[in-house]
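Participant: Starting from these lines, generate the structure:
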Amino acid sequence: MSEIGQLGYLALLALLAPFGAHRLRLLWLRMRRPARSEARAWEGALPVVTVQLPVFNEANVVERLIDAACRLRYPADRLEIQLLDDSDDETVAIAARRVREWRARGIDIRHVRRGTREGFKAGALAHGVSVARGDFLLVLDADFVPPPELIRDLLPPFADPGVGAVQAAWDHLSPDASWLTRAQALFLDAHFAIEHEARYRAGLFFNFNGSGGMWRKACVRAAGGWQSDTLTEDVDLSYRAQLAGWRFVYRDDVRVPAELPASLRAVEIQQSRWTQGGIQSAKKLLPRIWRAPVPAAIKFEATAHLAGHVVHPLTLTMAAALAGAGWATATGFGLPTAVHVAAVLLATVPFVLFYGSAGWIRARGRLGRRIFEALLLGLGLGVPLTFAVARACLGTRTPFARTPKRGFHPVVAYRARLSGAPALLRLLLAAALAGAVVNTALAGSPAVLPFTALFAAGYALTTHESLRRPSPTPAAPAA
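Facilitator: Residues are numbered from 1 along each chain as shown. Model prediction:
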């Protein structure tokens, strides 16, 4: 039995190693490849741009979204705004009133109601495309507050007729509201400042992020349009467009701030949707990508990107293994100290370098604290995200669960609902890991203690966060 435990533990470490190596490769590409130069000015007459605002039950933020969209600095006769509203609550009345106010001020904003939520966000966007008069489509989710110059900043690269989409970097409205928002902010900083920038500089495929970016309408249509057979319609369309020959541009110097989820349940809903949709997209697209006449580097990076969420079941299995080993008579699987030291380094060094570099690029303060918080959140999300991976692998279809948003002046207490099974399993693992830490310390096994304690802290912190009351509503950032 001891030999089986040793082999299983070593196999898990071997399976986890490529994920850390991939992060280091992206960091290397980001640092070694020169920044790409794109057009910074639009020549000639300005085109018509349609701003699409897909919303569903967003009473807390819909007015903020409409106001920000209507304040975009662009000629009124060349600007169309679509509020694609599938709501079935008070959002409808709130939005209708605000739309009337802006229309009275001469803004071409339309309150588009489908009467159904078929296809969820993808369905709303597809309907919007079918009636849009603009040649370019700026998509903004309900939690975003675009800067006034966003259209003018994203438009110039489209002077190249081969450019199908231009993505801006996401920023954050209240990144320091809590440890939870600090950790999320660092995750997103790394995604944009390192992952997107590295792929863009290296000429690899990268994805439109669902918001804060602009599409050429002809690209959307040529690539097959928005489709709702995955929960990440943005990733799906992005890869189909690039496989069809369209080029994407990333503007890291253009930032679009958004609200970060304020509760752990909201984070879990958002991350679970992204995880399940990512695996769904991998199943749908990877066969097509590997058959496509594109360089091998693109194929390998697309595989690492789309299938990257399989790390969550591996991490969860490692947590269970450490909990079980910590309660065994011979803790640490009876392996040499060097193996456990290597395990800690494997789990932390790539993470610290990757996310630490992102925090440095974005000039975030108290970087050590942020990295530690992000590490614990990543470990603690292992249970719900493993369930999301399982649903995708089994072909289980689930509705598009919107991320609850609070805004700065909430009028509705939207409840973030998540299945009780992941919460119960995380609670049990938190207790088992805490006991394993104590038993390991008493057994005098210092080699395995740091790794076990790291997982125990992640599960304990997220369990505690899931049980506490929501933090106070964050204040609006200074103008």
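
Participant: Just the helices from the stretch 201-350 of the chain, written as ranges.
Facilitator: Secondary structure of the stretch 201-350 of the chain by DSSP state H, counting those that start in this stretch: the helices cover 217-222, 233-243, 264-291, 296-306, 311-327, 337-361.

Participant: Of those helices, give the one that comes closest to residue 161.
Facilitator: Set against residue 161 and scored by CB to CB, those come closest in helix 217-222, at 9.0 Å. All C-beta spots, glycine's among them, are computed from the backbone N, C-alpha and C.

Participant: Any idea how far that closest one is from the middle of the chain?
Facilitator: When distances are taken as CA atoms, centre = their mean, to the nearest Å, helix 217-222 is centred 24 Å away from the chain's centroid.

Participant: what about that helix, average pLDDT?
Facilitator: Per-residue pLDDT over helix 217-222 has a mean of 98.

Participant: thinking again about what came up before, out of the helices of the stretch 201-350 of the chain, which gets nearest to residue 452?
Facilitator: helix 311-327 (4.7 Å).

Participant: Please point out which parts of the longest strand along the chain sit buried.
Facilitator: Secondary structure of the chain read by DSSP state E shows that its longest strand is strand 247-258. Judged by neighbour count using 16 or more other CB atoms under 10 Å, the buried positions of strand 247-258 are 247-252, 254-258.

Participant: Of these, which pair is most distant in space?
Facilitator: 247 and 257 (26.6 Å).

Participant: and of the helices of the stretch 201-350 of the chain, who's closest to residue 169?
Facilitator: When the helices of the stretch 201-350 of the chain are ranked by distance to residue 169, counting by CB to CB, first place goes to helix 337-361 at 10.4 Å.

Participant: mean confidence score for the closest one?
Facilitator: Looking at helix 337-361 alone, the average pLDDT works out to 89.

Participant: now that helix and helix 311-327, what's the angle there?
Facilitator: Interaxial angle, helix 337-361 versus helix 311-327 (axes from the mean of the first three to the mean of the last three CA atoms, to 10 degrees): 140 degrees.

Participant: Toward the C-terminus from helix 337-361, list the very next helix or strand.
Facilitator: Where DSSP states H and E defines the elements, the next helix or strand beyond helix 337-361 is helix 367-380.

Participant: Determine how far that next one lies from the middle of the whole chain.
Facilitator: Here the centre of mass of C-alpha atoms in helix 367-380, compared against the chain's by CA atoms, centre = their mean, lies 16 Å away.

Participant: What is the next helix or strand after it packed up against?
Facilitator: On the C-terminal side of helix 367-380, the closest following helix or strand by DSSP H and E is helix 382-394. Contacts defined by 3 or more CB pairs under 8 Å, 6 or more residues apart in numbering; DSSP states H and E place helix 382-394 against helix 264-291, helix 311-327, helix 420-442.

Participant: looking at those, which is closest to residue 183?
Facilitator: Distances from residue 183 to each of these were compared using CB to CB; the shortest belongs to helix 264-291, at 8.8 Å.

Participant: Flag the shaky bits of the chain, pLDDT-wise.
Facilitator: 1-2, 328-332, 408-411, 413-419, 469-479 (pLDDT under 70).

Participant: how's it carved up into domains?
Facilitator: When the chain is parsed into structural domains using automatic domain parsing, the resulting residue ranges are 2-28+308-467, 48-261.

Participant: re earlier: comparing the helices of the stretch 201-350 of the chain, which comes out most buried?
Facilitator: With neighbours defined as mean count of other CB atoms under 10 Å, those peak in mean count at helix 233-243, which reaches a mean of 25.

Participant: which residues sit against it?
Facilitator: The contact list for helix 233-243 (CB atoms under 8 Å, 6 or more residues apart in numbering) reads 121-122, 125, 164-165, 205-210, 219-220, 222-227, 229-230, 248, 277-278, 281, 284-285, 288-289, 292, 294, 302, 306.

Participant: 7 Å - rerun?
Facilitator: By CB atoms under 7 Å, 6 or more residues apart in numbering, the surrounding residues in contact with helix 233-243 are 121-122, 164-165, 205, 207-210, 219-220, 223-224, 226-227, 230, 248, 277-278, 281, 284-285, 288-289, 292, 302.

Participant: And stretch 11-18, how far out from the chain middle?
Facilitator: Counting by CA atoms, centre = their mean, stretch 11-18 comes out at 24 Å from the chain centroid.

Participant: just stretch 392-409 next, same as before
Facilitator: Mean-position distance between stretch 392-409 and its chain equals 12 Å (CA atoms, centre = their mean).

Participant: Mind listing what's buried along it?
Facilitator: Of the residues in stretch 392-409, 392, 400-407 count as buried by neighbour count, 16+ other CB under 10 Å.

Participant: With only the CA atoms kept, save that stretch in PDB.
Facilitator: The C-alpha coordinates for stretch 392-409 follow below in PDB (Å, rounded to 0.1, in the frame of the first residue of the first chain):
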ATOM      1  CA  ALA A 392     -18.100  19.700 -19.100                       C
ATOM      2  CA  CYS A 393     -16.400  16.300 -19.600                       C
ATOM      3  CA  LEU A 394     -19.700  14.500 -19.000                       C
ATOM      4  CA  GLY A 395     -21.500  16.800 -21.400                       C
ATOM      5  CA  THR A 396     -23.900  18.100 -18.800                       C
ATOM      6  CA  ARG A 397     -25.700  21.200 -20.100                       C
ATOM      7  CA  THR A 398     -26.200  24.000 -17.500                       C
ATOM      8  CA  PRO A 399     -27.700  27.400 -18.000                       C
ATOM      9  CA  PHE A 400     -25.600  30.500 -18.200                       C
ATOM     10  CA  ALA A 401     -25.300  31.600 -14.500                       C
ATOM     11  CA  ARG A 402     -24.700  35.400 -14.400                       C
ATOM     12  CA  THR A 403     -22.200  36.700 -11.800                       C
ATOM     13  CA  PRO A 404     -24.100  38.600  -9.100                       C
ATOM     14  CA  LYS A 405     -23.100  42.200  -8.900                       C
ATOM     15  CA  ARG A 406     -23.600  44.700  -6.100                       C
ATOM     16  CA  GLY A 407     -22.600  48.000  -7.600                       C
ATOM     17  CA  PHE A 408     -21.900  51.000  -5.400                       C
ATOM     18  CA  HIS A 409     -25.600  51.700  -4.600                       C
END
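
Participant: That'll do, ta.
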